[in-house]
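# Need coordinates for the following:
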Amino acid sequence: MNDFNLKRIYNTRNHIEMHYNQIISISALEDISSYSYRNLQRVFYSLFKETIGAYQTRLKVENGYKKLLYSKKQISDIALEVGFADVQSFSKTFKKHFNYSPSLARHQKEILLNDIHPQKVIYYTLEPEITFIPEITVYYSSCKTYYINPEIEELWDVLLKNEFPEPLTDFFGIITDDILITDKSKCTYDACIVTKSIIKSLPIKKIFGGRYARFFHHGSYETLEDTYEQIFGGWFLNNTVEFSHLPVIEQYITNNGNCDNPSDYLTAIFIPLI
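Now for the predicted structure:
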């Protein structure tokens, strides 16, 4: 598949992500992709290993799960927000997907958030800055990964081989999925760049546009997980703040492009807030 066709498929997937909780018409998907719906289904499945319907349903239940974990909203309200007609249909689909009910998922929140180290007491020392980040447009490339560094580094290597007439100003990583919720075979990472150049071969999307808790990670990417444990297993559980279901965003401020020593890397972690 050439870059132009691939870009259209990514634009289609992005449209589904943005409107996952609404009825998405076949004609809208055909207009965005320039494929017939039958051919679009074939191409979509070959790239992402899911049908369009299964992908949209997964977004509904997984975003519902995030809302159960990270907000205090009523389950009935969450069901409507993520696109179900009522709480009964949400509960039925949720239980089919995860093998337990939404109420049990919420009840076991603290256990789940400390699942990696269930016996470890996490002492958090991080304090974020709560800030509004305006919406920005980025070029991006995606890969399926369980957020393993070699796969992400390879994605960045391929992305940065493109020619950019204008300098790149910012580098972001979109942590699309929650590793506590999404099956690792379906987790997606987006490598994003900001530039004034027009790159016809790459898809674009908008990121940010809301309130975020901004944390900073100092040091190698190999130790990023330690900072995430402090955020979710420490700071979040000890505060009344409510997280949004939107993706976590990383900004690579000091990185291997401007620093030779990984211990001096600086990464901002933006946690979306309601």
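
# use CA for all of it now, contacts and neighbours both
Noted.

# Against L112, how distant is L224?
19 Å (C-alpha to C-alpha, to the nearest Å).

# how about low-confidence regions in the stretch 51-200 of the chain?
For the stretch 51-200 of the chain, the stretches flagged by pLDDT under 70 are 114-125.

# if I look at I148, how far off is E225?
Counting by C-alpha to C-alpha, the gap from I148 to E225 is 11 Å.

# Find the residue at the geometric middle of the protein.
By C-alpha atoms, centre = their mean, the chain has its centre lying nearest to T176, at 1.4 Å.

# domains of this structure?
Listed by automatic domain parsing, the domain ranges of the chain are 3-106, 129-272.

# The nearest residue to G219 once chain neighbours are set aside: what secondary structure?
In space, and not counting its chain neighbours, G219 is closest to S263: 4.1 Å by C-alpha to C-alpha, 6 or more residues apart in numbering. Here S263 is recorded as helix under DSSP: H, G, I helix; E, B strand; the rest coil.

# and N11, how many residues sit next to it?
19 (other C-alpha atoms under 10 Å).

# residue ranges for the strands of the stretch 101-250 of the chain, please.
For the stretch 101-250 of the chain, the strands defined by DSSP state E, counting those that start in this stretch occupy 129-133, 136-144, 168-175, 188-195, 204-207, 210-218, 248-254.

# Report the mean confidence score over the fifth one.
What that stands for is strand 204-207. Averaging pLDDT along strand 204-207 yields 96.

# Buried residues in stretch 159-169, which are they?
L159 (16 or more other C-alpha atoms under 10 Å).

# Check the burial of N261 by counting its neighbours.
If we define neighbours as other C-alpha under 10 Å, then N261 has 12 of them.

# I misspoke; the intended subject was I152.
Count around I152 with other C-alpha under 10 Å applied: 19.

# Equivalent analysis for N258, please.
Residues near N258, counting by other C-alpha under 10 Å: 9.

# can you list the residues that contact stretch 204-215?
Contacting residues not belonging to stretch 204-215 are listed as 11, 14, 126-140, 268-274 [C-alpha atoms under 8 Å, 6 or more residues apart in numbering].

# can we see that at 7 Å?
127-140, 268-273 (C-alpha atoms under 7 Å, 6 or more residues apart in numbering).

# Could I have the PyMOL command that selects the buried members from those residues?
Command for PyMOL, covering only those of the contacts of stretch 204-215 found buried under the criterion 16+ other C-alpha under 10 Å:
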select buried, resi 128+133+138+139+140+268+269+270+271+272+273
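
# residue ranges of the helices in the stretch 1-150 of the chain, please?
In the stretch 1-150 of the chain, the segments counted as helices under DSSP state H, counting those that start in this stretch are 3-18, 26-33, 37-48, 52-70, 75-81, 87-98, 102-107, 109-113, 149-159.
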